[in-house]
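S.K.: A structural model of the following input is requested.
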Amino acid sequence: MPLTIPDELLSDAGITPDDARLEFACRLYDGGRLSFGQAIRWSGLTRTDFEAAMLARGLPLYRPTVEDLERDLDTLARLGADT
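M.R.: Down below sits the predicted model:
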């Protein structure tokens, strides 16, 4: 089912259809609803331009999980034990 946003609503928000698509892509990626690749495709931008758009909105490009942080701490502990 296609999503139709009336031109009047976009105009009231002061954005173009391309701006709306980019905003959706950024926010859905930030909310974990789209993968990074999917968000880039939704946005219609290059990876570099999408990353810049995320950063311009103050949104992180990566959100580490608890497991990521635990792995990093394990690695640091191993590296520290080797010195």
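S.K.: from here on, just use CA atoms for contacts and neighbour counts.
M.R.: OK.
S.K.: which one's the longest helix in the protein?
M.R.: Using DSSP state H, we find that the single longest helix of the chain is helix 66-81.
S.K.: distance of residue 8 relative to residue 60?
M.R.: Separation of residue 8 from residue 60 (C-alpha to C-alpha, to the nearest Å): 31 Å.
S.K.: which one's more surrounded, these two?
M.R.: residue 60 (13 against 9; other C-alpha atoms under 10 Å).
S.K.: which residues does the more buried one contact?
M.R.: Residues in contact with residue 60 (C-alpha atoms under 8 Å, 6 or more residues apart in numbering) are 30, 54.
S.K.: do you know the pLDDT at it?
M.R.: pLDDT, residue 60: 94.
S.K.: also residue 1?
M.R.: pLDDT, residue 1: 80.
S.K.: could you report the neighbour count for it?
M.R.: Neighbours around residue 1, by other C-alpha under 10 Å: 3.
S.K.: measure the spatially most central residue of the chain to residue 44 for me?
M.R.: By C-alpha atoms, centre = their mean, the chain has its centre lying nearest to residue 29, at 4.0 Å. To residue 44, residue 29 is 14 Å away according to C-alpha to C-alpha.
S.K.: likewise residue 69?
M.R.: Applying C-alpha to C-alpha to residue 69 and residue 44 gives a distance of 32 Å.
S.K.: neighbour count for those two, which is higher?
M.R.: Counted by other C-alpha under 10 Å, residue 69 and residue 44 do not tie: residue 44 has more neighbours, with 14 against 11.
S.K.: what residues are up against that one?
M.R.: Neighbouring residues of residue 44 by C-alpha under 8 Å, 6+ apart: residue 22.
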